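1. Could you work out the structure for the sequence below:
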Amino acid sequence: MIHTYSVTGMTCNGCKTSVEDKLNALEHVTKVTVNLEKGEATIEMSQHISTETLQKALSDKYTISEKKERNVFESSSIQKEEKTDLQQLSPLFLIFTFIIGASVLLNYKPWNTNGFMLDFMGLFYIVFSFFKFLDLKGFPESFKMYDPVAKVAPIYGWLYPFIELALGLLFLMRIQIPIALIITLIILGITTIGVTKSLLSKKTIQCACLGTALKLPMTKATFIENSIMIIMAAIMLLNIKN
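-> Predicted coordinates:
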């Protein structure tokens with residue numbers, strides 16, 4: 001018999017592998033196939049296994065529930081459509097719009113370009129670190145899927161939200177700006193290398209830029225957002241030296 005279940009809490013291919021391994025280890029389970037994008041697990045079993053037993057096999061991070069069968073008479077026009085990458089990234093674009101708007105309002109009268117960039121970078125770090133803190137436990141696992149340093153030193157994934165928060169405060173409070181700019185170039189430069197490799201390999205992984213609370217796919221938008229911050233940091237650093 002084959003049953004399809006919804007599984008929440010999966011954020012990366014590591015989670016997918018973990019769920020498959022734990023469920024495959026159960027007695028009477030013959031095969032498990034997990035679809036990370038849909039958040040589904042298809043389980044072939046020789047005899048029925050209760051959902052409670054399946055849940056006990058998984059860690060507290062994941063929640064498994066039996067998926068209701070779709071009504072075959074349901075009109076296809078009202079069936080839920082899969083979201084496109086653009087639709088999935090709409091929260092990211094909305095956040096960027098608010099950050100840009102706030103930075104403009106803080107510096108428009110009189111206009112201050114340097115102030116705009118400092119406020120933009122400060123708000124960027126504060127907002128993005130906030131979403132990472134929403135699931136501080138799950139973020140490192142997702143982050144190390146593409147960040148080169150987090151792969152080698154997992155502790156870096158735990159520290160990263162705190163680094164972002166500290167940088168945000170430095171930019172907004174205009175404290176040690178040169179140091180903050182150099183750190184920005186280093187950490188985002190490293191992350192961008194990992195993002196680029198992931199995009200070129202066409203791996204299907206979740207972007208951890210907004211933590212795991214918002215499930216965003218790794219796309220060119222991730223590369224662009226990092227590039228904007230790197231360019232701003234480089235411009236600011238050159239202006240300070242001049």
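
2. where exactly do the helices run in this protein?
-> All helices of the chain, identified by DSSP state H, fall at 13-24, 51-57, 85-88, 90-107, 113-133, 139-143, 148-152, 155-173, 177-201, 220-241.

3. How about residues contacting the second one?
-> Identification of contacts with helix 51-57 by C-beta atoms under 8 Å, 6 or more residues apart in numbering yields 5, 22-23, 25-26, 43, 63-66. To be clear about C-beta, it is placed using only N, CA and C from the backbone, and glycine gets the same treatment.

4. Redo these as CSV? Include neighbour count and distance to Lys197.
-> Below are the contacts of helix 51-57 laid out as CSV (neighbours: other C-beta atoms under 10 Å; distance: C-beta to C-beta, whole Å):
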residue, neighbour count, distance to Lys197
Tyr5, 21, 32
Lys22, 17, 29
Leu23, 23, 30
Ala25, 10, 32
Leu26, 15, 35
Ile43, 24, 33
Thr63, 12, 32
Ile64, 21, 32
Ser65, 12, 35
Glu66, 13, 38
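
5. okay, now the residue lying closest to Asp147 once chain neighbours are set aside: neighbour count?
-> Using C-beta to C-beta, 6 or more residues apart in numbering and skipping the chain neighbours, the partner closest in space to Asp147 is Gly194 (4.7 Å). Using other C-beta atoms under 10 Å, Gly194 is surrounded by 20 other residues.

6. And Asp21, by the same measure?
-> If we define neighbours as other C-beta under 10 Å, then Asp21 has 12 of them.

7. give the contact list for Phe223.
-> Phe223 makes contacts with 192, 195-196, 199, as judged by C-beta under 8 Å, 6+ apart.

8. how close does it sit to Gly168?
-> 21 Å (C-beta to C-beta, to the nearest Å).

9. What of Pro110?
-> Using C-beta to C-beta, Pro110 is found at 24 Å from Gly168.

10. More neighbours: which of those two?
-> Ranked by neighbour count (other C-beta under 10 Å), Pro110 and Gly168 place Gly168 first, with 21 against 6.

11. distance of that one from Phe133?
-> The value you get for Gly168 to Phe133, if C-beta to C-beta is used, is 12 Å.

12. what's the answer for Lys197, then?
-> Applying C-beta to C-beta, the value for Lys197 to Phe133 is 27 Å.

13. With Leu105 instead?
-> The gap separating Leu105 from Phe133 is 25 Å, by C-beta to C-beta.

14. Of these two, give the one with the bigger neighbour count.
-> Phe133 (14 against 11).

15. Could you find the closest non-adjacent residue to that one?
-> With C-beta to C-beta, 6+ apart as the criterion, Phe133 has its nearest non-adjacent residue at 5.5 Å, and that residue is Pro161.

16. residues contacting that neighbour?
-> Pro161 neighbours (C-beta under 8 Å, 6+ apart): 129, 132-133, 136, 139, 211.

17. now with 7 Å?
-> 129, 132-133, 136, 139 (C-beta atoms under 7 Å, 6 or more residues apart in numbering).

18. so where is the protein shaky, pLDDT-wise?
-> Low-confidence segments of the chain, defined by pLDDT under 70: 68-88, 203-206, 211-219, 241-242.

19. No further queries at this time; thank you.
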